[in-house]
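Peer 1: Need the 3D shape of this:
(2 chains)
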Protein chains: 2
Amino acid sequence: MASHILQRLLQSEDSHMDKVVVQKYGGSSLSTLEKIRTVAGKIKEAREQGNALAVVVSAMGGETDRLLELLFKLNDAPPGREQDTLLSTGEQASASLMAAALEYIGCPAQSFLGLQLPLYTDNVHTKARIIQLEGNKVKKALEEGKVAIIAGFQGINDYGDITTLGRGGSDTTAVALAASLEADVCEIYTDVDGIYTTDPGITPRARHLDKISYEEMLELAGLGAKVLQIRAVELARKYYVPLMVKSTFGGERGTWIVKEEDIDMESAIVSGISLDRNEGKITVIGVPDRPGIAHSVISPLADASVNVDMIIQNVSSEGYTDFTFTVPVNDLELAREIVEKEASNIGAQEVRINDSIVKVSAVGIGMKNHPGVAAKMFRTLSEENINLQMISTSEIRISCVIDSKYGELAVRVLHQAFNLDKN
Amino acid sequence: MASHILQRLLQSEDSHMDKVVVQKYGGSSLSTLEKIRTVAGKIKEAREQGNALAVVVSAMGGETDRLLELLFKLNDAPPGREQDTLLSTGEQASASLMAAALEYIGCPAQSFLGLQLPLYTDNVHTKARIIQLEGNKVKKALEEGKVAIIAGFQGINDYGDITTLGRGGSDTTAVALAASLEADVCEIYTDVDGIYTTDPGITPRARHLDKISYEEMLELAGLGAKVLQIRAVELARKYYVPLMVKSTFGGERGTWIVKEEDIDMESAIVSGISLDRNEGKITVIGVPDRPGIAHSVISPLADASVNVDMIIQNVSSEGYTDFTFTVPVNDLELAREIVEKEASNIGAQEVRINDSIVKVSAVGIGMKNHPGVAAKMFRTLSEENINLQMISTSEIRISCVIDSKYGELAVRVLHQAFNLDKN
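Peer 2: Numbers count the residues shown, from 1 in each chain, chains lettered A, B, ... in the order given. As a prediction, this is how the structure comes out:
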């Protein structure tokens, strides 16, 4: 409960207000004027149910891409400061349009830009991190009975320059705002009605989840689930912000993302199976096995901002070893160039690239206390004659790299093996 | 001369810099990426000629109208604060795009929003007036050898809300910036190459003017000349900012707008003939002639923000009089409704509307010392059998309302009578 706001609200004539709610609407929920009108209606309805409402909006769907296209046609390596100033106009426009749409239907509203809150960030343009979000202006607007509409994705740095939080940054704005307001809930509205046990596009037996833990959601976001920006989940976990993912134009059903303690004891050992198609594999063969080899291959990739995920080094044989790792498939060509240069420096035999791999993962907080999960996963895949090329694990995740042609099959059989199938 | 900036520049390695120049580019000069590139090239060239450059940009051509259309479809009476937040994105985007385009061609540049300067305004949303423009950040950028790109049209009020300066407000931003920087010149780039003795569309004998006084330009702007926002001219006159109107994509020719003292003694008595097609005439007939009648007709119009221009009251005859005035043609229907209601209240006979009138004017600082100008104007028009319906004068302007069908003829004969014809 946002207790001191609540107290003031209870003292005011709006004494029926009993919850502080932060809502966030993504670009696909705001891509046309008709959708903006529909969302405005939903916001008004939620307010009339007695909630104090702060709403974070993304840019209208397609707007950010339109602006980026203009910018990159003028400058293929634009200054980050100018890119951020440009892109922030998308959220600025949708915030003022939404406030105007709300006023039109008799719902008092006021827009706030990142720099008006202010939302302070570091100086890393295009992917800034939040340092502090000042919630007092929003609180004041809520106390005055207004709906506060906050332009997501944007902040301001020490120099008074506009910064942006990276793709999906409006999720993070919403969670930071909810933390600052001590909101009762942060509702993320998007085009799906929540989190599923797996991609319903892969198997119709995928089940909707009513609840999932922050930790599981972090693993899923890390595996490429596009529903939430990973930093938003981290922030929600840090400040215990109860998150709800819902569909903007669907029904009432959604998925709560909450503390592990709030998940039923009886919940499944594995909560979901994910399939990540966005990685490629690089193998350096015949590497002289001496200390520092891994470092000399990996660090030039880090310098080029290529994110290396799984890494395996084979047992040495006659002084030589093989060294395998995965990188985002978009960076595969760049990584190949860097690694081939490095391979010849260290006297390696050969560099092999494989872009037809996928990563299939089982995620679940239940596996912390159930050591048999990995064995069951490997057995299930081997029964389908699916070869495991790489394996990595965390406390609540097991991931296997396999040939991409088996990806969907692997998901289906694991989904069934871990009792996730519908009915 | 912007002496203290100049001194610093002379001390620095850029010791060849000898002028501080403010340039302003309108939306029609920025309506495509290709035009933005061309303008960036012009800016770079001007900088390489040794100028310290601050450039004010409007929104890309068509963008403001696009945003207004979105807004008014959601709310036909949008809150001014939200309208300003929305519209300011147009200039924000073009400023960052221009800065990126300049950086791409090796010209260091930095964008500034109104709220980053800051440019402080009053609280009158959608037509705010400038209170103060803080030029220090721009000066610093110029000292660092950068081109400063300033988002025109926008400012910030006491509450930290974004305000806008009304249509054409970027002109006013440019002049205010030039005053703040004590710039050597403020160049307004547009789609015409300056001011003409009359509209070249009416007579091919219209002559380009090399110079015109602030006072004459104010009269012309008041008569509907679209080249410059009237407040920009007022501000330029107040701070003696030398203004230059030039064509963005044309040649070097332009028109200087300067102090009266800087106009040649030998200059023409009349500098230009203008034709204003944007007024309509309302006549209230048979008004009981008692004190307060004019007030009771005109003040409801003022309350409805209808701008009344010329006013004539006939000599009373048997206790009744006629009362005639002009209003902007766009407000004619609104004015008719208001006046008809008022006319019946005061017992007037009839209200007549005439929307087929024009106002032809002769403007020139020379007429201060030449009392025969009005007589010559009336004689010239009467020789063409053109009836004068209304007359009004200022120290440097004579205007006649005539039947609209004679408008172009009147301009041509006056243009010739006052020796303005080419050759």
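Peer 1: Give me the pLDDT for residue A:303.
Peer 2: On pLDDT, residue A:303 comes in at 88.
Peer 1: counting contacts, what elements does the strand or helix carrying residue A:40 pack onto?
Peer 2: Secondary structure from DSSP states H and E places residue A:40 in helix A:33-48. For helix A:33-48, the packing partners by 3 or more C-beta pairs under 8 Å, 6 or more residues apart in numbering or on different chains; DSSP states H and E come out as strand A:19-25, strand A:51-57, helix A:80-104, strand A:147-151, helix B:63-74. To be clear about C-beta, it is placed using only N, CA and C from the backbone, and glycine gets the same treatment.
Peer 1: Can you confirm whether the fourth one lies near chain B?
Peer 2: It stands for strand A:147-151. No. On the criterion C-beta under 8 Å from any C-beta of the partner chain, strand A:147-151 is out of touch with chain B, staying 8.8 Å away.
Peer 1: just the helices in the stretch 151-300 of chain A please.
Peer 2: Ranges of helices within the stretch 151-300 of chain A are A:169-181, A:214-222, A:230-239, A:293-303, based on DSSP state H, counting those that start in this stretch.
Peer 1: most tightly surrounded among those helices?
Peer 2: helix A:169-181 (a mean of 28; mean count of other C-beta atoms under 10 Å in any protein chain shown).
Peer 1: Quick check: closest non-adjacent residue to residue A:381.
Peer 2: residue A:410 (5.9 Å; C-beta to C-beta, 6 or more residues apart in numbering or on different chains).
Peer 1: cool, and residue A:72?
Peer 2: Closest to residue A:72 by C-beta to C-beta, 6+ apart is residue A:78, at 7.0 Å.
Peer 1: and that neighbour, what is it in contact with?
Peer 2: With contact set as C-beta atoms under 8 Å, 6 or more residues apart in numbering or on different chains, residue A:78 has these partners: A:71, A:72, B:100, B:103, B:104.
Peer 1: so how far is residue A:90 from residue A:61?
Peer 2: According to C-beta to C-beta, to the nearest Å, residue A:61 and residue A:90 sit 10 Å apart.
Peer 1: So those two - more neighbours on which side?
Peer 2: Between residue A:61 and residue A:90, residue A:90 has the larger neighbour count (other C-beta atoms under 10 Å in any protein chain shown), namely 30 against 18.
Peer 1: show me the contacts for the more buried one.
Peer 2: Contacts of residue A:90 by C-beta under 8 Å, 6+ apart are A:58, A:59, A:60, A:63, A:64, A:67, A:153.
Peer 1: Kindly tell me how buried residue A:285 is, as a neighbour count.
Peer 2: 16.
Peer 1: Kindly report the same for residue A:375.
Peer 2: For residue A:375, the neighbour count with other C-beta under 10 Å is 10.
Peer 1: and if you look at residue A:226?
Peer 2: 10.
Peer 1: how about the closest residue in space to it that isn't next to it in sequence, what does it touch?
Peer 2: Excluding its sequence neighbours, the residue lying closest to residue A:226 (C-beta to C-beta, 6+ apart) is residue A:168, at 7.9 Å. By C-beta under 8 Å, 6+ apart, the contact set of residue A:168 is A:226, A:228, A:229, A:232.
Peer 1: would a markdown table of those residues with pLDDT be doable?
Peer 2: Formatted as a markdown table, these follow (pLDDT from 0 to 100):
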| residue | pLDDT |
| --- | --- |
| A:226 | 75 |
| A:228 | 87 |
| A:229 | 86 |
| A:232 | 94 |
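Peer 1: Closest one of these to chain B?
Peer 2: Chain B has its nearest neighbour among these in residue A:229, at 23.3 Å by C-beta to the nearest C-beta.
Peer 1: is it true that the closest one touches residue A:172?
Peer 2: Yes. Because the distance of 5.5 Å satisfies C-beta atoms under 8 Å, residue A:229 is recorded as touching residue A:172.
Peer 1: Common neighbours of those two, please.
Peer 2: Counting by C-beta under 8 Å, 6+ apart, the residues touching both residue A:229 and residue A:172 are residue A:165.
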